[in-house]
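Student: Kindly generate the corresponding structure for this input.
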Amino acid sequence: MKHSKRVFETLIGAAAFAAFLAASSAAGDAAEDELDLGQMSLSFTEDFDTLSVSPWGPGTRWIAHTPWSGDFGGARFANPADDFPFTVKDGILRIEARKGEDGKWRSGLLASVDPKGEGFAQQYGYFEMRARLPEGPGLWPAFWLIGKDRSSYTAEIDVMEFYGDKPDGYSSVVHVWYRDGRHYSRYTRNEVFGDADPADFHTYGVQVDQDWIRFYFDRKFMWKTETQEEHRQPLYILLNLAMVDGLSKEDAPDPSYMYVDYVRAYRAD
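Tutor: This is a model prediction of the structure:
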C-alpha cells in the first residue's frame, strides 16, 4: 500500500495528490452524514389520528407542560380543554396560540415524558417532526429534546427553533446547562426558506450517536457537532408553539397556529 501511494503521488504531483486525499476524505464524510433510515427501525410514531394528552399524566402519551414545571416565554402553556390549545383533524395536530380576555397569551406544548420520568425517551437514534410553522412577530415554535438525567445539568438539543419575524430560516442549537452556572453551546442558523416556505410542511430532524449530533431539513444534511457526554443518555421529545417574552408578541397574529403532521423516532438496527 505504501509503495502504491508513492507511485501515485509521483505520477500526479504532490499538490494534486493532497487535493485527491482531501476530496476522498470529504466524500467519506458526506457518505457518513447521509440519513439512511433503511438501517433503522421505527421506535416511536405519533400520527395524530387521536391525541392522548393530559396536564401532567400519568397514563397519557403526552403531557401539556415541561416535566420540570418550567413554563417559559411570553405565553403560558395551557391545560388541554375544549379544543384548546390542541385539536386534531385528518391526522394533523393544530397547536393554537391566542390572547385571552385577560390580555394574556396562552398556547400549547407537548412532552413525551411525565414528571416521574414515565413515557418515551431514547438513547441515540433519529428524531423527526413534520410540521408547518406560523409567521409573525412574537411567534416561537420549536421541536427539541431533553436528557432524562437533570441531576446536575440539563442536556438540550433544539432541533428547530423558528422565530416568526425572521422567516428566512430557523436555528438549531446544542446546549448543556450546568447547575453551577457553566453553559456549553453549539449553534447554527439554517437559511433554508428561500425556495422553501415555512408555511408548507417540512421535516426537521436530528440523528444522535455516540460521536456526532447531525441535523437535517427535509432529510437533507445541514450540519453536525460532536456529541457531549451529557447527551449520551435517553432523550425525550418536546414540541410547542411558544411566544417570545417581549413587546413583539403584542403584534403577533391572534390567533396563530402551528400544524404538525407527525413525530417519529428511529433506532439503529
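
Student: Rounded mean pLDDT for the strand ranked longest in the chain, please.
Tutor: Longest strand in the chain by number of residues, with DSSP state E as the criterion: strand 256-268. Average pLDDT, strand 256-268: 98.

Student: try stretch 109-125
Tutor: Rounded mean pLDDT across stretch 109-125 is 98.

Student: Give me the below-cutoff pLDDT ranges for the protein.
Tutor: Applying pLDDT under 70 to the chain picks out residues 1-28.

Student: buried stuff in stretch 123-131?
Tutor: Neighbour counts over stretch 123-131 (16 or more other Cβ atoms under 10 Å) mark 124, 125, 126, 127, 128, 129, 130, 131 as buried. C-betas here are computed from N, CA, C, even on glycine.

Student: Quick check: beta-bridge partners of the fifth one?
Tutor: Think residue 128. On the basis of DSSP bridges, residue 128 is bridged to residue 205, residue 264.

Student: show me what contacts it?
Tutor: By Cβ atoms under 8 Å, 6 or more residues apart in numbering, the contact list for residue 128 reads 203, 204, 205, 206, 216, 263, 264, 265, 266.

Student: what does the third one give?
Tutor: By Cβ under 8 Å, 6+ apart, residue 126 lies in contact with 35, 37, 40, 205, 206, 207, 208, 265, 266.

Student: what separates the first one from residue 205, distance-wise?
Tutor: Between residue 35 and residue 205 the distance is 7 Å, computed by Cβ to Cβ, to the nearest Å.

Student: Mind listing the shared neighbours of the two?
Tutor: Common neighbours of residue 35 and residue 205 are listed as 126, 216, 219 (criterion: Cβ under 8 Å, 6+ apart).

Student: What sits closest to the last one if chain neighbours are left out?
Tutor: In this structure, residue 219 finds its nearest non-sequential neighbour in residue 35, 5.2 Å apart by Cβ to Cβ, 6 or more residues apart in numbering.

Student: just to revisit the earlier point, next, format the contacts of residue 128 as TSV and append neighbour count.
Tutor: TSV is the format used below for the contacts of residue 128 (neighbours: other Cβ atoms under 10 Å):
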residue	neighbour count
203	18
204	27
205	26
206	25
216	23
263	23
264	19
265	23
266	21
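
Student: I'd like to know which of the shared contacts of residue 35 and residue 205 are part of strands.
Tutor: Counting by DSSP E, the part of the shared contacts of residue 35 and residue 205 found in strands is 126, 216.

Student: nearest to residue 154, of the shared contacts of residue 35 and residue 205?
Tutor: Closest approach between those and residue 154, by Cβ to Cβ: residue 126, at 21.9 Å.

Student: Now do the end-to-end distance for stretch 49-65.
Tutor: 21 Å (Cα to Cα, to the nearest Å).

Student: Likewise for stretch 224-234?
Tutor: Distance between the two ends of stretch 224-234: 19 Å, counting by Cα to Cα.

Student: If you count neighbours, what's buried in that stretch?
Tutor: For stretch 224-234, a neighbour-count test (16+ other Cβ under 10 Å) marks 224, 225, 227, 230, 231, 232, 234 as buried.
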